[in-house]
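S.K.: what would the 3D arrangement of this be:
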Amino acid sequence: MKDKRTYDYYLIWATAVVLFAISILCIAAMFYFKVTAVQLMAPAQKAAYMSGMNTLMAPFLIALILLLGICVPKRVFPPQWLNRFAGFLVLTAVVISLLNNIKMGLLVVLIASLALQIIVLIMAIAGSKKLHFERKGYWVRIGSSLIHLALILFVLDLFLHKHQTLHLLLFWTTTSAMVIGMIFCFYADTVVYLAKKIGLNNFKSSVPNDDCRR
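M.R.: Numbers count the residues shown, from 1 in each chain. As a prediction, this is how the structure comes out:
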């Protein structure tokens, strides 16, 4: 139990550090864009700016995608299979990157993580006891699943930002999943209480008897 908690602890911290770095980079890029008036530059300078930003962002996106590729499967697979699955996923990404390009390899990992996370969300909504969570609670598990889904969609949106319609759909889906997920995670008891107050007596309790791990 101690080893699994230690593994989760470092995984959470690694994800938080990578997301923090991406946030700082995005904020700095917005200020730089405004101060230097990139929109008024010649097309070649704009292209150089975008290429430079993509180069800076690439290592953090790669790290985040690989972390998600490990984090999501641990909800479904037992610990002894987790490292094998993660290794298989990384190997698949490397092979596809060599045969095609690194963007395609990472996109495969991202799509695999997305498909698996949707399965996790459906199982969480169904109340499955086969999922591995660290926190107790039906709504907490759904909230955690929605937050992870939002993170995957956020990264996918970065890949597909040039498709305007799809970008807007992914943006609002990401925002909705993140907000609802946080409400379920941090205010599960309040959600249950308010639902019962308005007459939804069949609303599930936030703390069922099963003991799952987040």
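
S.K.: now the spatially most central residue of the chain: closest residue in space that isn't a chain neighbour?
M.R.: In the chain, the centroid-proximal residue (CA atoms, centre = their mean) is Leu151; its distance is 2.4 Å. Nearest non-adjacent residue to Leu151, counting by CB to CB, 6 or more residues apart in numbering: Leu68, 6.4 Å away. Bear in mind the C-beta positions are built from the backbone N, C-alpha and C, glycine included.

S.K.: rewinding a little: for the residue nearest to the centre of the chain, what are its contacts?
M.R.: Residues in contact with Leu151 (CB atoms under 8 Å, 6 or more residues apart in numbering) are Leu19, Leu64, Leu68.

S.K.: can you do 10 Å?
M.R.: 15, 19, 64, 67-68, 71-72, 113, 117, 174, 177-178, 181 (CB atoms under 10 Å, 6 or more residues apart in numbering).

S.K.: again with Gly87
M.R.: By CB under 10 Å, 6+ apart, the residues touching Gly87 are Ile70.

S.K.: and it, what helix or strand is that in?
M.R.: helix 79-99 (DSSP states H and E).

S.K.: now that helix: buried residues?
M.R.: Using 16 or more other CB atoms under 10 Å as the test for burial, helix 79-99 gives Leu82, Phe85, Ala86, Leu89, Ala93, Ile96, Ser97.
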